[in-house]
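**Student:** can't give you the sequence, but here's the structure:
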DNA sequence: GCCGTTTTCGGCCCGACTGTTTTCAGTCG
């Protein structure tokens, strides 16, 4: 069993324990271990073989044993017993807002509720409202929660959520009472998908701000309305929370609600070790922990998040890095990378035109790239095996190459257009186009668009074989996932990273908001092996070139610097990178 | 279940909001 599947098993144990009413800290230990495994940079098998698993923070002897058993046998007696002791539908109940382990247990013990459907029936019969600790309102809320779950119960692409959030943030900033406002949460951390929107506003007087927020158009329901916090549900299903705080508390609140939870826990522990208690309201002396009095910094000392980090002996940690993945240790050692910025990018090379399945012509794409001030624009239409996408055969591709060269000659565009292709990697590991034709191009993006269901070994062999071809400059959307729609195909990503490093093939960070592939969690490993990243919008229309911005966020989450990203290079150097393998192969 | 520059036991981040209470538990982020 791989680390991802094991993480899921641990997560399941945590949920089961929660319903059983176990010690919440024990529950948390399982959750922490699950997240640790998900974000593991080393190969789990290696860690186990070398006996280093129990040295990983948050994994002690009991968890080491269970993880090893899962890894070795693919199952765990402890988990099987837990499952057997409980109705399987109970776990889903935790997904309904307002229900936690305790209430689920009561519903199960008193009413025999063991699924969402039986909860609905119990609510409709009015039985739930009669339970101690429940009431009419709770019952109605649960019914509403079940209905909402069916209509809106999913996450949203970062790009879509951002588009909803921006006007709200602008509106907040435009209010006379509001001194400062920011969005927080996973949107600010630029996670690839977002569950809800968080806004923090600084104002002396909260009421008018709350009033504005809860009476905007497009609100389906106001789910909470307090003096410092309100929640609304928007058309389209996104939930949005607003916190209004006095200006002096803004940096603390912004930091707190930006998260992540793991990051906050780690930072608060760090504060406690210094005799300080950190909350969204500020710093105070930690009670009963320090014998000698601790000097608490006066409130005016913390105006920004930078000030807060500095007080705790850290350099500023950008929001994208706050995932509890070693950022605090790196900040302490002044070892955080200088992250890629949007303005570092000079162009991108995986874009489509009407020649295959794009919606805009070559000229229109070039004009759009001019508008954006790009130095280079690569066209990589589909190859013929992608029949559904009107892929190009050798003849049509060569005609496109000629058209691109002509357009460059004509000098009507500032941007230099590069001629490439997104060549299909066929199921047998061969390329869809002949070497002869590939040799005519400025670069080749190699992508998989078929045969997704192979097992991991076969798929990995297929990819490694494709990377052998010296014309290949870039492996496109390496894992093939479609966020919220389709899982990645099964692929040994570390092996692909190794191979890319050896052969000098770059890996794409596909910036299309539905893909964001390769996943940001892999990039630190990839960069440490010397693999270069190329961020590409995979634009199928002119406006899609702007997706590059989404890729910048992912690159930053992956700790990438400008030097790790190929398309920060000036054109001659960029081209040299793309063609280096081909040139070496000729000798 | 994890962890330790006070600790191998006794903590584990912390506060708002809601609904059900008459002083608080549960949930959430």
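**Tutor:** Nice, I can see it. This structure is a prediction, so every number in the text was calculated from the model and none was measured. Residues are numbered from 1 along each chain as shown, chains lettered A, B, ... in the order given.

**Student:** How about the contacts made by the residue nearest to residue A:204 when sequence neighbours are not counted?
**Tutor:** Nearest residue to residue A:204, sequence neighbours excluded (Cβ to Cβ, 6 or more residues apart in numbering): residue A:246, at 6.4 Å. For every residue, glycine as well, the C-beta is placed using N, CA and C. Residue A:246 makes contact with A:202, A:203, A:204 under the criterion Cβ atoms under 8 Å, 6 or more residues apart in numbering.

**Student:** for those, which one is nearest residue A:481?
**Tutor:** Distance to residue A:481 across those (Cβ to Cβ) is lowest for residue A:202, with 38.4 Å.

**Student:** who's in contact with the strand or helix carrying the closest one?
**Tutor:** According to DSSP states H and E, residue A:202 maps onto strand A:196-203. Here strand A:196-203 makes contact (Cβ under 8 Å, 6+ apart) with A:161, A:164-165, A:168-169, A:172, A:175, A:177-185, A:187-188, A:209, A:213, A:238-247, A:249-250, A:253-254, A:257-258.

**Student:** Out of those, which end up buried?
**Tutor:** Taking 16 or more other Cβ atoms under 10 Å as the criterion, what is buried in the contacts of strand A:196-203 is A:161, A:164-165, A:168-169, A:172, A:175, A:177-178, A:180-185, A:187-188, A:209, A:213, A:238-246, A:249-250, A:253-254, A:257-258.

**Student:** from those, which ones fall inside helices?
**Tutor:** A:161, A:164-165, A:168-169, A:172, A:185, A:187-188, A:209, A:213, A:250, A:253-254, A:257-258 (DSSP state H).

**Student:** tell me, which of the residues you listed make contact with DNA strand B?
**Tutor:** A:185, A:257 (Cβ under 7 Å from any atom of the strand).

**Student:** in a strand, that's where residue A:420 is, yeah?
**Tutor:** Yes: judged by DSSP: H, G, I helix; E, B strand; the rest coil, residue A:420 forms part of a strand.

**Student:** So what sits opposite it in the bridge?
**Tutor:** Per DSSP bridges, the residues bridged to residue A:420 are residue A:380.

**Student:** what number of residues lie near it?
**Tutor:** 26 (other Cβ atoms under 10 Å).

**Student:** which of the contacts of residue A:246 lies closest to DNA strand B?
**Tutor:** residue A:203 (13.6 Å; Cβ to the nearest atom of the strand).

**Student:** ok, that closest one - how many residues close by?
**Tutor:** Other residues near residue A:203 come to 22 when the count uses other Cβ under 10 Å.

**Student:** and the gap between it and residue A:111?
**Tutor:** As judged by Cβ to Cβ, to the nearest Å, residue A:203 and residue A:111 stand 45 Å apart.

**Student:** again with residue A:159
**Tutor:** For residue A:159, the distance to residue A:111 - Cβ to Cβ - is 43 Å.

**Student:** Ramachandran coordinates for the residue in chain A positioned nearest to DNA strand B?
**Tutor:** As assessed by Cβ to the nearest atom of the strand, DNA strand B sits closest to residue A:135 within chain A, at 1.9 Å. For residue A:135, the backbone dihedrals (degrees, to the nearest 10) come out as phi -170, psi -180.

**Student:** Number of residues surrounding it?
**Tutor:** Neighbours of residue A:135 using other Cβ under 10 Å come to 13.

**Student:** same deal with residue A:142?
**Tutor:** Neighbour number of residue A:142 under other Cβ under 10 Å is 25.

**Student:** ok, it touching residue A:98?
**Tutor:** Yes: contact criterion Cβ atoms under 8 Å: residue A:142 and residue A:98 qualify, at 6.4 Å.

**Student:** for DNA strand B, what are the nearby residues on the stretch 201-350 of chain A?
**Tutor:** By Cβ under 7 Å from any atom of the strand, the part of the stretch 201-350 of chain A that sits against DNA strand B consists of A:224-229, A:241, A:257, A:259, A:261, A:264-265, A:268-269, A:272, A:277-281, A:284, A:286, A:288-291.

**Student:** and those residues, which of them are in strands?
**Tutor:** Those of those mapping onto strands are A:224, A:225, A:229, A:241, A:277, A:278, A:279, A:284, per DSSP state E.

**Student:** Can you show me the helices along the stretch 351-500 of chain A?
**Tutor:** Assigned helices in the stretch 351-500 of chain A, in chain order: A:362-372, A:394-410, A:435-438, A:456-468, A:493-503 (criterion: DSSP state H, counting those that start in this stretch).

**Student:** can you put those helices in CSV and add mean pLDDT and mean neighbour count?
**Tutor:** Formatted as CSV, the helices of the stretch 351-500 of chain A follow (pLDDT from 0 to 100; neighbours: other Cβ atoms under 10 Å):
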stretch, mean pLDDT, mean neighbour count
helix A:362-372, 96, 19
helix A:394-410, 95, 15
helix A:435-438, 94, 16
helix A:456-468, 93, 18
helix A:493-503, 95, 19
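
**Student:** Would you mind giving the ones you listed as TSV with distance to residue A:39 added?
**Tutor:** Below are the helices of the stretch 351-500 of chain A laid out as TSV (distance: least, Cβ to Cβ, whole Å):
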stretch	distance to residue A:39
helix A:362-372	34
helix A:394-410	41
helix A:435-438	37
helix A:456-468	20
helix A:493-503	14
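
**Student:** Is it possible to get JSON lines of the ones you listed that adds distance to DNA strand B?
**Tutor:** Listed next are these as JSON lines, based on distance: least, Cβ to the nearest atom of the strand, whole Å:
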{"stretch": "helix A:362-372", "distance to DNA strand B": "35"}
{"stretch": "helix A:394-410", "distance to DNA strand B": "49"}
{"stretch": "helix A:435-438", "distance to DNA strand B": "49"}
{"stretch": "helix A:456-468", "distance to DNA strand B": "28"}
{"stretch": "helix A:493-503", "distance to DNA strand B": "24"}
